[in-house]
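>>> I need the structure of the sequence given here:
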Amino acid sequence: MPTIDIDPRTAEGLAQIAAAKPRGLQAVGLNGTSTGSCLDAKAATIAGLAALIALDGPPAAYGELVAQALEAELSPDEIVATLHAVAPVIGSARVVAAAPEIMLALGLPLPGTGAEG
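Below is the predicted model:
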């Protein structure tokens, strides 16, 4: 395995999370509010959407996250591209389950409702 130069603060932060220590959990928003990350709003939203799809998140979460995605200036094409990107890792069942939730959050009619073009 190649040697990777990792900032000591990054290594310590990861160790705090791995050990489930309060400071580490707070840093990722699991025990209070997030202290930020090096990801911009667009990348953070894509990561959140990918995680939501992978975990088969609740329908209400899709509406909130798609709204955040649009606010972060993700296009609907980029949202759909996220589905395509995670499919090989998580499988088609999760992607197929997520697609209607994303469609509803974008205000699109579902297939089979007679409203599609």
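
>>> Low-confidence stretches in the chain?
1, 16-37, 114-117 (pLDDT under 70).

>>> Just want the most central residue of the protein.
By Cα atoms, centre = their mean, the chain has its centre lying nearest to Gly48, at 1.7 Å.

>>> starting at the chain centroid, how far to the host helix or strand of it?
In this structure, Gly48 is located in helix 41-54 according to DSSP states H and E. Computed by Cα atoms, centre = their mean, to the nearest Å, the chain-centroid distance of helix 41-54 equals 2 Å.

>>> can you pull the buried residues of that helix?
Ala44, Thr45, Ile46, Gly48, Leu49, Ala50, Leu52, Ile53 (16 or more other Cβ atoms under 10 Å). Where C-beta positions appear, they are placed from N, C-alpha and C, glycine not excepted.

>>> Same list (these) but as a markdown table, adding distance to Leu14.
Shown next, in a markdown table, are the buried residues of helix 41-54 (distance: Cβ to Cβ, whole Å):
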| residue | distance to Leu14 |
| --- | --- |
| Ala44 | 17 |
| Thr45 | 22 |
| Ile46 | 21 |
| Gly48 | 19 |
| Leu49 | 23 |
| Ala50 | 19 |
| Leu52 | 22 |
| Ile53 | 24 |
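
>>> List the contacts of the closest residue to Ala99 other than its chain neighbours.
Of all residues not flanking Ala99 in the chain, Leu83 sits nearest, at 6.4 Å (Cβ to Cβ, 6 or more residues apart in numbering). By Cβ atoms under 8 Å, 6 or more residues apart in numbering, the contact list for Leu83 reads Ile53, Val95, Ala98, Ala99, Ile102.
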